[in-house]
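Participant: Sequence first, predicted coordinates after that:
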Amino acid sequence: MDEAETLEALSQLLTQLSTNPYDISLHAQHIKLASSSGLEDQVQAAREMMTGFWPAGDDVWLPMIEAKEKSIMDANTSEAIQEMLQMFELAEADYLSLPVLQKHIEFITSTFTRLSSLEQRPDDLGELFTVEWTGKAIYAVVQKGIGHLTQGHTLWEAERDWEQEQLETASPKFREILIELLGDLHLSRLKQIHSSHEATLQSYSTFVTTYHPAEAYEKLLVAASKAKNQAVKGWDKREPFETSLTQNKYAPEAYAYYIQFERKPKNPDLTLTRTVYERAIADTAKLRFEGNAVAEAALRTFWIGYIDILRVLHAANTDQLNTLRRAARSVPGSGEVWARYIRFLERTTASGTESTNISETISDVYDRALATGLLQKDAEQLVPLVLARAGYEKRIVESSAEGERNFETLVAVLEVGIQMVKRGTKLRDPRYRLEKYLSDLYLNLVDTPDKAAALWQATTKNHKSSYLAWTSYTDSLIKTGEYDIARGVFKDIHTKNLDWPEAIFEAWISFENLHGSVEEIEECLDKVERAQGLVNTRRAKEAEKAAYQAAQIAPESLAISAPVEQRENQETTDGMDVDVPESSEDSKKRKAGDSENAEGSKKAKMEKSEPPKRDRENCTVFVADLPDGVTKAELDALFEDCGIIKEIKITKLPNAHVATVEFAERDSVPAALTKDKKRINGHEVAVHLAWKSTLYVTNFPEHSDDASMRELFGTYGAVFDVRWPSKKFKNTRRFCYVQYTSTKSAEAALELHGRELVPGLPLNVYISNPERKKDRTDANANDREVYVAGLSKFANKKDLEDLFTTYGVVKEIRMASDHVGQSKGFAFVEFEDEASAQKALQANNHELKNRRMAVTLADTRVRARDRGQPSGSGLGPRDDIKNRSIRIKKLPAGTQEGLLQQVLEKVTPIKRLEIFEDKREAIVELESAADAGKLLLITEPIMFNGVALQMGEEPTDAQSQSAAKSGGLFVPRGAVSRPRAGLGSKKRTEKGSNTSTFVPAAKSSLPGGKGQDDFRKMLG
């Protein structure tokens, strides 16, 4: 944009900032726009404006410091130098920055050298930049960053070099003093934990050689070597965490893992813990400034943890106060930080230990927190602040002679807080913490239950579906003796659509049992019974609808492309179909099959209509080329006239911002596509259908992983995402989806189709096609496989094949056999289609070689591989699997199984992996117990999406009785009991289904008390 447009955009930004100065994204835009204009005065003004409202990192402070230093380069006045020193103090108060600290030391040493060279020092400098002042000033700066284990040495070395220079020019009178000082400096550093002990020891060796007698060298070096041993051990423990930080580009998750380690000891090292928190806060603040969506939450968490650890470790009150002030400036939208600020002031004031630096009152802090306007937008942040202020006022009321006047202040704080919560733009407080607090005051502190009842009555008008509001209202009525009114309320609300109607039913029944007559109790029970029936009916319908909608998400998007010639050596994979012409014969077969399916389901379709199907692919548009700092509100404003928007997701890529906008109806998409080339904040955006920039890729080499695919396809444009399939159903699945930020990139990447990344394996690349879908061929294997039990030991695979081929095409037979090859009495038979498996159930109680066998549908989620082999561990089959399995906890939300398996397979081969989203855990089965041990004993943490994986052993049955009762390892649902062979056998009734995620249901009724999955493990 030209200069006029830039100035106009700057003017608009300044207008926005004048009304919303606590929007950090606006400040980031302001600085970026000013920088692009080339107007240095505008850039400087933008930086100064930001530092007036927000703390800033070195990317903002260093240019300001350099400009200021340049302006006073030749000035030797006390005023100019003081201004420079004050700027350093402000910069260092914001966030820890090694570059700023280094710049500070450079300024001190260079100014000292310049002033020392003058024949006459300026009189107004006083003690500034004398030798003594300079030494103390350098030491103070070094201490701010000395805890940085990998970069703190740069500060210490600057201090050492300056002291060395003073020693070399010192008079004989001070020489011995400076030698002792420099020696102590080295020894003190050697005892500190850091990464450069060898360099420090070498520096000390040179120092001893230069300034001490030769005969003292060995003794001093031996002592120094011993002095550093404990610090070296401390560094060795922390080096993996430092490596993890570097590998993960200083992500908040890596810092959280590091902080957890530092806080784990009973008595944490205050200096090291503080520095890790300071580093985490500084680097996360940079991410927030760059527009990272999760950085704000992480930053708040770090500040809260930092404040708490200082309190727990009894840091000096001045340090705690300074940290609280910095935290409130850094995350002014965090109610928890402000609440801790208020409690600190109350605590120090009550104990009489307040510092002279505390010049503000609790009322001042409270008003300052609300003045930002940030807390009022989020009840979860506003409530902690109001409760902290109310708690302070309540304690004054309880201990003050002027309780009545202070009580009015307390009530006013809570009432205003409740009104602010109601006016908030985000979700209101569902726990009614402020209402409960005020109600408790009315009931217990001043004994005015009528006011409590009035409070809850007003609350129910604003929260008509909340059981908690209604039960609180009825409780307050009961406490005031208003039984008839309470009964009337119960009658009015018991049929309403509440969030927890059973709580109302229980409260009403309890009330009538205490205060009602026989007739009133019976009337209550009758009404509750009818209301419960209505609730159950409604929930059943909602569950049915939810189950149907969930089923629509499972099918995978398929691909569209021009037909390509099939090659004989092309690997077959499960995944998408592609648009290829059908032969007439295939078409006829498909129509016949469709007709058959339609006949079987006609009755069901007549009985009920299907709920609307969610169509993400056809209802979603992709928006690229977005400006930095774009908000959902701006995107909502752009697309609001197109139709109902279901969801907006904004993603920050390394060099761009993109978003997906999902509409409620696909009819809204054509209108949305007309927004292509429209502008947001002066930036032209690109809009296209999401699936048109998505590729379906298959037939790539087995060693290909996420990084290699991103590298391969990244040459054609910016890759938005790569999605990998789960291998829990079939370990040979090899395909993925590559989504670009633009359709042109996806179209350009089609040239990779047919390219052989390895000889004889041509790559398949297609544009994704949401119009063609199919389920994974292995996802419904449960319904295509039967379990056969009660077999004669003389039965073999040929016998089973001859029998079951009469019901359909048999795909595979897996029979358990002993060491001499005889049948163990059970097998699994997999058919090509579900219909054949259903027909095969007719073979139940069929006699084969003088034994009647049982045939049921099988649970094929546990695939039997080499399970006929005896366990080399000496354990039972189930324990053998657990012995070579590990459990991974605290996985990042939305973890892809395929990606996690790729990361782990770089360490050791993985046999099977399954993720449990609800628990954010995974179970990993390896080839051997040795492989499991290798994974558990790895010294450096394995990082995945910025999180260090937390791995532990999976207890065997011998170690855990509860595990023994729950069956095999990977079955995610209860196994159905198997009918026994033979006529007249009583069918076992299933008492319930197992809902455990990690372990399957109880053992089936197979002979010997073993579960079906125990036998599966022995199959070959």
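Facilitator: Ah, there it is.

Participant: my read: Thr51 touches Gly57, true?
Facilitator: No - applying Cβ atoms under 8 Å, one finds Thr51 not in contact with Gly57, separated by 10.5 Å. Backbone N, C-alpha and C define where each C-beta goes, glycine included.

Participant: can you list residues touching both of the two?
Facilitator: Shared contacts of Thr51 and Gly57 (Cβ atoms under 8 Å, 6 or more residues apart in numbering): Asp94.

Participant: helix/strand/coil for Lys649?
Facilitator: strand (DSSP: H, G, I helix; E, B strand; the rest coil).

Participant: which residues touch it?
Facilitator: 659-660.

Participant: That one and Glu927: what is the separation?
Facilitator: Separation of Lys649 from Glu927 (Cβ to Cβ, to the nearest Å): 39 Å.

Participant: Then Asp184?
Facilitator: Applying Cβ to Cβ, the value for Asp184 to Glu927 is 57 Å.

Participant: So the two - more neighbours on which side?
Facilitator: Glu927 (13 against 10; other Cβ atoms under 10 Å).

Participant: Tell me which stretches of the stretch 751-900 of the chain form strands.
Facilitator: Secondary structure of the stretch 751-900 of the chain (DSSP state E, counting those that start in this stretch): strands located at 756-758, 761-762, 764-774, 785-789, 810-817, 823-831, 847-848, 851-852, 854-857, 885-889.

Participant: let me fix that: the stretch 501-650 of the chain
Facilitator: Taking DSSP E, counting those that start in this stretch, the strands of the stretch 501-650 of the chain run over residues 556-560, 620-626, 645-653.

Participant: Domain map for this protein?
Facilitator: In terms of domains, the chain is parsed into 1-54, 58-233, 237-331, 620-767, 782-857, 877-953 (source: the TED database).

Participant: before we move on, the earlier item: can you tell which of the strands of the stretch 751-900 of the chain is closest to Ala503?
Facilitator: Of all the strands of the stretch 751-900 of the chain, it is strand 885-889 that lies closest to Ala503, at 33.0 Å by Cβ to Cβ.

Participant: so what does that closest one touch, helix or strand wise?
Facilitator: Strand 885-889 sits against strand 921-926, helix 929-936, strand 950-953, with contacts defined as 3 or more Cβ pairs under 8 Å, 6 or more residues apart in numbering; DSSP states H and E.

Participant: would you turn those into TSV with mean pLDDT, distance to Val669 and mean neighbour count?
Facilitator: Converted to TSV, those look like this (pLDDT from 0 to 100; distance: least, Cβ to Cβ, whole Å; neighbours: other Cβ atoms under 10 Å):
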stretch	mean pLDDT	distance to Val669	mean neighbour count
strand 921-926	87	37	22
helix 929-936	78	46	16
strand 950-953	81	43	14
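
Participant: What are the buried residues along the helix or strand hosting Leu14?
Facilitator: If you go by DSSP states H and E, Leu14 is part of helix 3-19. Judged by neighbour count (16 or more other Cβ atoms under 10 Å), helix 3-19 contains these buried residues: 6, 9-10, 13, 17.

Participant: ok, those residues vs Thr698, which is closest?
Facilitator: Ala9 (46.3 Å).

Participant: pretty sure that closest one is touching Gly682, no?
Facilitator: Yes - using Cβ under 8 Å, Ala9 is in contact with Gly682, at 5.5 Å.

Participant: So, low pLDDT: which residues of the stretch 701-850 of the chain?
Facilitator: 727-733, 770-782, 819-820 (pLDDT under 70).

Participant: Helices of the stretch 401-550 of the chain, start to end?
Facilitator: 403-423, 433-440, 449-462, 467-479, 483-493, 501-515, 518-553 (DSSP state H, counting those that start in this stretch).

Participant: burial count for Thr620?
Facilitator: Considering only other Cβ under 10 Å, Thr620 is surrounded by 21 other residues.

Participant: Quick one, grab the pLDDT at it.
Facilitator: Per-residue pLDDT puts Thr620 at 88.

Participant: Name all residues that make contact with it.
Facilitator: Contacts for Thr620 (Cβ under 8 Å, 6+ apart) come out as 660-663, 669, 689-691.
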